[in-house]
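In: Got a sequence here, can you build the structure:
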Amino acid sequence: MEWNPETLQNLSQCFLHTLSPSPEPRRAAEKSLAEAAERPNYGLAVLRLVAEPTVDDQIRQAAAVNFKNHLRSRWAPSPDTGSTAILDPEKEQIKALIVTLMLTSTPRIQSQLSEALAVIGKHDFPKSWPTLLPELVANLKKASESNDYVSVNGILGTANSIFKKFRYQYKTNELLLDLKYCLDNFTAPLLEIFLKTAALIDSTASSGGSAATLKLLLESQRLCCRIFYSLNYQELPEFFEDHMSEWMSEFKKYLTTNYPTLESSNDGLGQVDELRAAVCENISLYMKINEEEFQGYLNDFALAVWTLLGNVSQSSSRDTLAVTAIKFLTAVSTSVHHTLFSGEGVIPQICQSIVIPNVRLRDEDEELFEMNYVEFIRRDMEGSDVDTRRRIACELLKGIATHYKQKVMEIVSVQVQNLLSSFVANPVVNWKDKDCAIYLVVALATKKAGGTSVTTDLVDVQGFFTSVIVPELQSQDVNAFPMLKAGALKFFTMFRSQIPKLHAFQLFPDLVRFLGAESNVVHSYAASCIEKLLLVKDEDGRARYNSADITPYLPLLMTNLFNALKFPESEENQYIMKCIMRTLGVADISSEVAGPCITGLTTILNEICKNPKNPIFNHYLFESVAVLVRRACQRDPSLISAFEASILPSLQMILQNDVIEFLPYAFQLLAQLVELNRPPVAPNYMEIFKLLLLPESWKRSSNVPALVRLLQAFLQKVPHEITQEGRLSQVLGIFNMLVASPSTDEQGFYVLNTVIECLEYNAISSYIVHIWNALFTRLQKNRTIKFIKSFLIFMSLFLIKHGSVNLVNTMNAVQSGVFLVIVEQFWIPNLKLITGSIEVKLTAVASTRLICESPVFLDGGALSLWGKMLDSIVTLLSRPEEERVEEEPEMPDIAENVGYTAAFVSLYNAGKKEEDPLKDIRDPKEFLVASLARISATSPGRYPQIISANLEAANQTTLLQLCNNYNSPIV
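Out: Numbering: from 1, shown residues only. Now for the predicted structure:
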């Protein structure tokens with residue numbers, strides 16, 4: 001891509017349209033940019049646009065984000081993605097420009113370029129970018145000498161970005177070498193700027209310097225703290241150990257010193273708190289991994305943090321500081337230094353001054369509850385990893401309880417009773433006290449190992465449920481005190497396994513009623529509670545609640561669920577949709593319920609097709625359609641045509657409008673509908689089938705698994721149609737394309753296996769040589785364990801369906817004698833790697849038939865191979881999977897998450913039912929020894945000798961035991 005005024009204009013227009021609220025111009029612009037990204041120098045052109053001061057800031061910001069994502073996907077693309085890598089000359093030009101540009105950019109653009117630089121650094125730094133660190137150190141020295149703290153902070157921000165990799169990458173020799181290079185070159189300049197800035201802060205604060213100057217200096221120290229965190233994350237470097245006192249004395253100062261010039265404004269206070277929070281993270285890190293070296297400073301820091309927490313207000317702007325400070329105390333509480341908490345009155349004081357104030361609801365929590373229910377639930381829900389004050393305060397109690405459980409439980413139990421008494425005295429005014437009590441019980445519960453049930457020593461669960469929770473759930477006004485209702489529903493959800501069925505189900509009508517609550521949180525928690533109740537299993541593993549339990553409530557439940565989706569802000573409520581999915585998966589669905597449900601679901605689908613936003617909601621929506629189709633049509637096949645009338649127009653709209661996010665779902669639902677049809681399949685399906693056979697349909701990798709699923713459905717349903725009008729040739733062309741690539745070869749085998757299963761031999765015989773050619777080519781050029789296993793399964797299926805003679809002859813037709821070479825080099829050594837009950841049975845039976853029925857093995861010329869194959873069969877059938885399957889060496893790295901991409905997500909309820917091609921054979925072990933006994937009877941004395949010469953001693957013993965067990969001697 002050539003850089004000129006026309007390029008600047010075109011790119012600017014595209015980035016402007018990507019910001020459009022209308023989907024049409026936005027999609028068109030995204031498509032244009034995606035096409036442009038394939039051209040050389042695209043990344044460089046976008047970077048130059050970001051650097052262009054005449055372009056609007058919004059456009060430059062959008063370009064910076066695009067540039068960052070472009071680098072993520074193309075700087076070092078994984079072979080499986082199919083993305084074109086940026087060429088080396090372009091990379092060098094980008095590296096030459098990016099540091100200077102980042103240092104001179106506005107803060108928003110600087111943060112995007114900083115992330116982009118980190119992407120480059122992850123792959124190139126330091127080995128392929130040796131100039132970066134010296135360039136940063138030189139710039140840092142120059143900026144420091146002139147007290148240019150805007151540039152100092154830009155440089156430190158860049159260093160922070162590239163050093164972050166030391167926080168999240170696994171410790172390897174290569175990583176430690178990179179870390180050593182950074183430590184050797186950056187620790188001294190870092191300490192130098194840190195101490196210089198510390199002195200400037202002291203002099204500026206004492207002389208009443210400006211808030212703006214102080215702000216820049218504190219930001220510099222915060223960045224130094226973050227770099228300190230990264231460089232110390234893997235292990236304690238010698239330099240930091242030697243200079244620990246210098247670092248720690250400044251750290252302590254920032255926790256104990258006030259800066260009135262800044263702290264008088266919210267903005268300034270936020271800056272000071274960010275530095276303090278960074279210090280707390282550093283001392284928490286040392287507490288975890290350098291406890292011995294840090295212990296001399298511990299008492300001072302514990303006192304400083306405790307004192308600091310006593311002065312931190314409940315304002316949400318101070319949440320990060322409060323959370324990091326409490327985390328430090330939690331780390332101390334679980335360490336060998338926990339005796340700091342053993343003093344008289346310490347735990348009650350912590351409970352009173354730190355825990356309860358941070359657990360109590362604040363005005364900000366109420367506002368979030370009402371104004372942004374999605375974020376409230378994200379922070380509040382069981383299993384969330386979001387660090388809120390409420391959660392972290394309770395984590396501190398749990399930490400202290402590690403060593404002082406009895407004391408903690410006694411103190412908190414008294415607090416809970418006091419809070420409940422306060423509520424009873426004046427429910428209207430003191431409702432937050434009851435909420436606080438419920439939250440403490442829920443937060444301090446512990447999850448049982450390996451399950452979903454929880455326990456608590458704080459209260460008697462059933463007694464607490466009856467006296468505290470049930471009154472809230474039975475309250476007739478679903479809209480009164482909504483936060484209290486949400487807390488009660490959360491308690492019910494969390495302790496669902498411990499509430500007896502009779503007691504819990506008496507409240508089911510109340511849960512259904514709460515779906516009508518105006519509060520988004522309340523009707524979301526009601527839906528979540530119902531959904532989770534339907535998953536509860538008793539000790540015998542059976543579901544506690546079944547279709548008979550919910551059938552009486554089903555019409556009202558479904559009505560209320562669909563009505564809940566009409567509340568403002570809940571139009572795409574994932575908790576409601578998940579509850580719909582779960583209910584349809586459990587209930588007996590009559591036609592009276594099925595009709596309104598499918599209408600409701602397709603109406604929602606048609607609406608969200610216009611602008612898909614919430615992938616989780618969308619997934620549960622498609623799962624709901626799939627489970628409704630599957631279960632309702634199983635119960636009443638007459639519903640199929642009505643369902644098609646409702647669903648097909650929506651699916652056709654997705655295909656016609658190319659709604660990328662929904663195409664994989666649409667193909668899976670179409671497969672489900674095709675499988676439900678009785679031949680002859682309707683003409684509109686055959687039109688889709690024709691489109692499916694076009695190579696253009698297979699270009700998007702995210703669609704491939706779903707398209708394969710649909711193709712399999714057609715192959716099984718209309719095999720006679722496949723053999724007409726050259727369609728089989730097209731199908732095998734698709735197989736050829738898929739099997740050639742390691743990222744899609746497994747999907748190619750799914751197609752091939754279905755062809756073998758569904759078509760007669762005379763229909764495929766003229767293509768067999770071409771199939772073997774494609775497989776042998778891939779075997780020679782790029783074989784992987786995954787490919788070899790799929791190849792074995794295919795050969796086994798071919799043998800089972802069309803006999804060993806056809807298998808041997810067609811393979812040898814490609815190259816004389818190749819069959820035995822394949823057996824020796826691939827079949828025998830890799831048979832033990834097969835997993836999955838159907839696959840193990842298939843390959844074991846096929847291998848048995850090969851050695852017991854095939855003339856190639858029985859004519860005496862392949863006795864050694866016969867023995868080795870039997871050895872592999874015995875290993876496959878007798879040893880546990882973990883003993884015989886090694887970890888696959890070519891497991892790819894998990895790719896970086898490149899913004900939003902349409903990816904294949906399997907629909908559980910539209911999944912292909914796995915068919916056993918050997919239903920007549922119950923036990924492959926019995927089949928093996930019976931076949932061996934039969935052939936050995938024809939040549940007594942021959943086979944024991946071969947077995948003795950070729951089978952491992954352990955396998956000989958196992959085989960003898962099997963023969964005895966099934967009374968099938970080998971003679």
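In: Going along the chain, name the strands of the stretch 451-600 of the chain.
Out: 454-455 (DSSP state E, counting those that start in this stretch).
In: so where is it shaky, pLDDT-wise?
Out: Within the stretch 451-600 of the chain, the ranges that satisfy pLDDT under 70 run 451-452.
In: can you give me the helices in it?
Out: When assigned using DSSP state H, counting those that start in this stretch, the helices of the stretch 451-600 of the chain occupy the ranges 461-464, 470-473, 482-494, 501-506, 508-514, 520-533, 547-550, 554-564, 574-586, 591-608.
In: Run the chain-centre distance for the first one.
Out: The gap between the average C-alpha position of helix 461-464 and the chain average comes to 36 Å, counting by CA atoms, centre = their mean, to the nearest Å.
In: Please apply the same query to the fifth one.
Out: Helix 508-514 has its C-alpha centroid displaced from the chain centroid by 32 Å (CA atoms, centre = their mean).
In: got it, and the third one?
Out: Offset of helix 482-494 from its chain centre (CA atoms, centre = their mean): 27 Å.
In: can you check the fourth one too?
Out: For helix 501-506, the distance from its own C-alpha centre to the chain's C-alpha centre is 35 Å (CA atoms, centre = their mean).
In: Could you pull out the buried residues of it?
Out: Buried residues in helix 501-506, defined by neighbour count with 16 or more other CB atoms under 10 Å: 504-505. C-beta coordinates here come from the backbone N, C-alpha and C atoms, glycine included.
In: Packing partners of it?
Out: Using 3 or more CB pairs under 8 Å, 6 or more residues apart in numbering; DSSP states H and E, no helix or strand is in contact with helix 501-506.
In: Any idea how many residues pack against residue 909?
Out: Residue 909 is flanked by 21 other residues according to other CB atoms under 10 Å.
In: Report the contact partners of it.
Out: 581, 585, 623, 626-627, 630 (CB atoms under 8 Å, 6 or more residues apart in numbering).
In: mind putting those residues in JSON lines, distance to residue 638 and neighbour count included?
Out: Output for the contacts of residue 909, formatted as JSON lines (distance: CB to CB, whole Å; neighbours: other CB atoms under 10 Å):
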{"residue": "581", "distance to residue 638": "24", "neighbour count": "23"}
{"residue": "585", "distance to residue 638": "21", "neighbour count": "20"}
{"residue": "623", "distance to residue 638": "24", "neighbour count": "23"}
{"residue": "626", "distance to residue 638": "19", "neighbour count": "22"}
{"residue": "627", "distance to residue 638": "19", "neighbour count": "22"}
{"residue": "630", "distance to residue 638": "15", "neighbour count": "19"}
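In: Same list (the residues you listed) but as CSV, adding distance to residue 488.
Out: Output for the contacts of residue 909, formatted as CSV (distance: CB to CB, whole Å):
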residue, distance to residue 488
581, 24
585, 26
623, 29
626, 33
627, 30
630, 35
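In: which of the residues you listed sit farthest apart?
Out: The span of these, defined through CB to CB, is set by 581 and 630 at 11.7 Å.
In: Pretty sure residue 905 sits against residue 664.
Out: Yes: judged on CB atoms under 8 Å, residue 905 makes contact with residue 664 at a distance of 6.6 Å.
In: Distance to residue 928 for the helices of the stretch 451-600 of the chain - can I get that in JSON lines?
Out: Converted to JSON lines, the helices of the stretch 451-600 of the chain look like this (distance: least, CB to CB, whole Å):
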{"stretch": "helix 461-464", "distance to residue 928": "53"}
{"stretch": "helix 470-473", "distance to residue 928": "60"}
{"stretch": "helix 482-494", "distance to residue 928": "51"}
{"stretch": "helix 501-506", "distance to residue 928": "47"}
{"stretch": "helix 508-514", "distance to residue 928": "53"}
{"stretch": "helix 520-533", "distance to residue 928": "46"}
{"stretch": "helix 547-550", "distance to residue 928": "42"}
{"stretch": "helix 554-564", "distance to residue 928": "50"}
{"stretch": "helix 574-586", "distance to residue 928": "40"}
{"stretch": "helix 591-608", "distance to residue 928": "48"}
